[in-house]
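Q: Sequence first, predicted coordinates after that:
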Amino acid sequence: MRTKLFLIISRLGMAALTAAVLVAPETASAQKSNRGRNSAKATPETKAKAKETPKTEETPVAEKTPAPEKSEAPKNFDNIARIGSFVLTSDALTSYSNLIEQVDGMAARSQDGALQDFILGKLIEETFTTVPVGGKDAPKPSTPEPSQVARQLLKNLLRQKVTDGIKPTREEMSEWVKENGKFYGNDERVNARHLFMQVSKDNPTSSPEAARARMEEALKEIKGGKPFADVAKKWSEAGSGERGGQIGFVTARMPMGPENKPMNIVLETALFKLKTGEVSEILQTTHGLHLLYAEEHQTTYVPTIDDLISSNILPAAIVNTKIEKEMQELTSNTVARLKGEVTSPTADMELTTATVAFKLGGKSYTISQLENIYGQRFTAVFNRRRGSPAQMQALFREAMNDEAAVLAALDQKLDKQPEVAENLNFLRQRDAMKKKLQAIVAADYPANEEVARKEYDKVVDQLRRPEFEGWMLSIKHNASQTTDPEEQKKITEEAKAKIEGWRKQIADGGNIEEIARANSQDDYATSGGFVARHVIGAVATPSGQTFDSIANFMKEPGELTDPRATQDGFVIVKLKQRWPGEATPFEAIKGRILNKVQMDNEKKAKMDILAILEASGKLQWLEGSERFGMKPSKP
């Protein structure tokens with residue numbers, strides 16, 4: 001065991017020392033097999049007791065009728081651990097995890113981590129102090145400044161108290177709908193299809209007379225009962241003709257098409273006059289002749305109060321607005337009552353850790369104190385705003401308002417509620433544990449450049465950035481331009497069938513570059529689909545990124561993929577060659593490796609300390625600990 005841990009053991013007494021010394025040689029293997037829990041070896045005395053009494057001729061063993069088997073007492077898996085006289089249950093651990101989620105703003109990474117933190121938070125103060133708890137020289141209890149997580153809990157409680165007092169009436173909701181309901185509704189829109197024929201005086205087949213004759217024939221087919229989509233595929237000269245004229249939902253003056261312009265006003269006016277299932281008469285513009293079909297015409301929709309309640313928009317929207325308003329009022333009133341004053345930095349003002357950021361209630365808050373409260377988050381924002389006096393003053397004001405919210409919660413004695421007081425105590429224990437754990441890790445679990453270099457050497461091959469060259473062929477489809485599921489499926493299947501045909505030609509020995517030049521629809525088509533040698537990620541184009549994402553999983557030269565779906569089509573890739581590439585330099589990722597080593601060291605330190613606590617008798621694993629991979633301690 002490491003030096004500092006032996007000092008801990010010495011304060012736990014000789015029994016703990018004996019058990020821990022016996023445990024030490026097994027630490028590495030036992031931790032791997034039992035998730036870090038060290039089991040003390042049997043002492044010589046226990047080994048002796050375990051030996052069977054030797055049978056001798058002078059003491060023959062009499063035959064006995066087997067005693068009835070005793071039924072084992074049912075295990076209580078709800079009880080996880082005994083910490084001194086306190087029994088940690090599953091419900092208590094869940095409550096603790098929920099508390100951490102509430103103040104940290106994210107779920108606990110694992111129940112295992114919450115379990116370790118809870119136990120260490122309970123025992124670490126007693127374990128690491130040099131003065132016996134309750135001794136005559138013990139320091140007098142003090143009330144430390146609330147930590148960042150404790151402050152967050154108090155602010156959450158204040159916010160909840162404000163929330164509980166807000167009950168919007170139906171009249172309030174009615175007024176809210178009048179002002180805001182339109183933002184939650186839908187404008188009038190038409191799901192449209194379009195049939196187009198070009199008119200040209202220079203081309204006899206597209207003359208006004210010829211085009212109109214064909215359009216009248218098309219309209220006759222539609223009125224005769226033939227689906228508009230089928231007629232559009234047969235007659236339309238627009239690109240949408242292949243999709244049965246489908247152009248999707250259209251709202252008034254909505255930008256659309258390649259030029260991102262609204263529909264011609266003549267066509268739009270006619271379209272919005274159509275009811276669902278109706279077809280327009282023949283319409284003429286400078287481009288040619290048109291027929292429009294309203295597959296679905298939806299009128300303007302403004303939701304009612306009940307609609308918004310059933311969709312959980314109300315009363316939440318009103319409540320949230322009122323919460324923010326009342327929280328701001330509480331904060332402002334507290335700042336005014338305590339005569340808050342924010343420092344106004346200037347461009348030539350030197351800011352140090354001793355600089356006062358603000359004053360509140362007769363107390364000065366320095367930058368150093370704010371760093372202690374908020375940690376690296378405050379330091380990072382402070383450094384970003386250092387060059388802007390206005391932004392720096394805004395940061396100081398944010399911190400003062402935050403402090404005012406905490407003081408408002410304390411003024412209302414929210415911290416005196418029994419459950420809140422217990423949670424605040426848990427958080428103080430957790431903060432103390434984290435600080436002391438950091439000190440142990442820093443002293444006894446090295447995380448220096450030498451250690452980082454060894455970790456780098458273990459994974460250097462995984463850090464190489466491979467290089468490739470090969471070919472790719474792509475086909476695009478326009479399935480996203482229609483909202484009809486059947487139409488989307490048909491378009492997609494047609495595109496896939498085409499590229500599967502190209503793949504078969506290549507697999508049968510066809511010239512891939514000729515096939516790519518003739519068919520491919522990406523940036524590499526003109527080069528015969530060839531993608532020159534490059535490091536993965538070095539090509540910024542969408543086509544290059546698609547090639548890399550597929551080639552990265554290909555190993556053998558000549559390997560040809562099946563068609564892979566992309567956002568707007570399909571692609572096939574053939575690998576010509578692959579190289580392992582250069583590894584990311586150590587210096588470029590040294591910081592990340594050191595962070596990982598530090599995290600691993602913290603986990604190991606936790607498990608080492610838990611093992612010592614168990615050996616000392618301060619911690620006893622119960623039946624419920626099996627769910628966390630632990631073995632219940634022997635009585």
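A: It's in.
Q: Number of residues surrounding Q567?
A: Per other Cβ atoms under 10 Å, the neighbour tally for Q567 reads 8. (Each C-beta comes from the backbone N, C-alpha and C, glycine too.)
Q: how far away is it from G581?
A: Relative to G581, Q567 is positioned 27 Å away (Cβ to Cβ, to the nearest Å).
Q: Same check on S474?
A: Counting by Cβ to Cβ, the separation of S474 from G581 is 25 Å.
Q: neighbour-wise, which of these two wins?
A: Under the neighbour definition other Cβ under 10 Å, S474 and G581 were set side by side, and S474 has more, 27 against 14.
Q: In the sheet, which residues pair with that one? Tell me.
A: V571 (DSSP bridges).
Q: Can you name the residues that contact it?
A: By Cβ atoms under 8 Å, 6 or more residues apart in numbering, the residues touching S474 are I499, S520, Q521, D522, A525, S543, T546, T566, G569, F570, V571.
Q: where do the strands sit along this protein?
A: Counting by DSSP state E, the chain has strands at residues 79-83, 86-89, 189-198, 246-251, 283-284, 288-298, 341-342, 356-360, 363-366, 467-476, 530-535, 564-566, 569-579, 619-621.
Q: I'd like those strands written out as a markdown table, with distance to I323 and mean pLDDT added.
A: Below are the strands of the chain laid out as a markdown table (distance: least, Cβ to Cβ, whole Å; pLDDT from 0 to 100):
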| stretch | distance to I323 | mean pLDDT |
| --- | --- | --- |
| strand 79-83 | 37 | 95 |
| strand 86-89 | 34 | 94 |
| strand 189-198 | 35 | 96 |
| strand 246-251 | 35 | 93 |
| strand 283-284 | 54 | 96 |
| strand 288-298 | 35 | 96 |
| strand 341-342 | 24 | 97 |
| strand 356-360 | 23 | 97 |
| strand 363-366 | 26 | 96 |
| strand 467-476 | 49 | 95 |
| strand 530-535 | 51 | 95 |
| strand 564-566 | 45 | 94 |
| strand 569-579 | 48 | 96 |
| strand 619-621 | 43 | 95 |
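Q: So for R170, which of these sits nearest?
A: With Cβ to Cβ as the criterion, R170 lies closest to strand 288-298 of those, at 28.3 Å.
Q: State the distance from the spatially closest residue to A516 that is not a sequence neighbour to G537.
A: Among residues not flanking A516 along the chain, G529 sits closest, at 3.0 Å (Cβ to Cβ, 6 or more residues apart in numbering). Computed as Cβ to Cβ, the G529 to G537 distance reads 20 Å.
Q: Would you mind telling me which of those two has more residues around it?
A: Shown here are G529 and G537; by other Cβ under 10 Å, G529 has more neighbours (28 against 13).
Q: so that one makes contact with A518?
A: No - taking contacts as Cβ atoms under 8 Å, G529 lies outside contact range of A518: 10.4 Å.
Q: Could you name every residue contacting both of these two?
A: Counting by Cβ under 8 Å, 6+ apart, G529 and A518 have no shared contacts at all.
Q: Reformat the contacts of S474 as JSON lines; add distance to E350 and neighbour count.
A: Formatted as JSON lines, those follow (distance: Cβ to Cβ, whole Å; neighbours: other Cβ atoms under 10 Å):
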{"residue": "I499", "distance to E350": "66", "neighbour count": "22"}
{"residue": "S520", "distance to E350": "63", "neighbour count": "27"}
{"residue": "Q521", "distance to E350": "61", "neighbour count": "17"}
{"residue": "D522", "distance to E350": "57", "neighbour count": "23"}
{"residue": "A525", "distance to E350": "61", "neighbour count": "17"}
{"residue": "S543", "distance to E350": "53", "neighbour count": "20"}
{"residue": "T546", "distance to E350": "53", "neighbour count": "21"}
{"residue": "T566", "distance to E350": "56", "neighbour count": "18"}
{"residue": "G569", "distance to E350": "60", "neighbour count": "22"}
{"residue": "F570", "distance to E350": "62", "neighbour count": "23"}
{"residue": "V571", "distance to E350": "59", "neighbour count": "23"}
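Q: and which of the residues you listed is nearest to R430?
A: Nearest member of these to R430, counting by Cβ to Cβ, is T546, at 47.0 Å.
Q: what's S311 in contact with, if anything?
A: Taking Cβ under 8 Å, 6+ apart, we find S311 in contact with P303.
Q: correct me, but V420 touches L410?
A: No - taking Cβ under 8 Å as the definition, V420 is not a contact partner of L410, at 11.0 Å.
Q: What is the burial count for T584?
A: When counting by other Cβ under 10 Å, one arrives at 15 neighbours for T584.
Q: Now tell me which helix or strand of the chain has the poorest mean pLDDT.
A: Lowest by mean pLDDT, DSSP states H and E among the helices and strands of the chain is helix 14-23, with a mean of 33.
Q: how about the helices in the stretch 501-635 of the chain?
A: Along the stretch 501-635 of the chain, counting by DSSP state H, counting those that start in this stretch, helices occupy 512-519, 542-551, 586-616.
Q: Over to the residue nearest to A516: give its phi and psi.
A: Dihedral pair for G529: phi 80, psi 0, per degrees, to the nearest 10.
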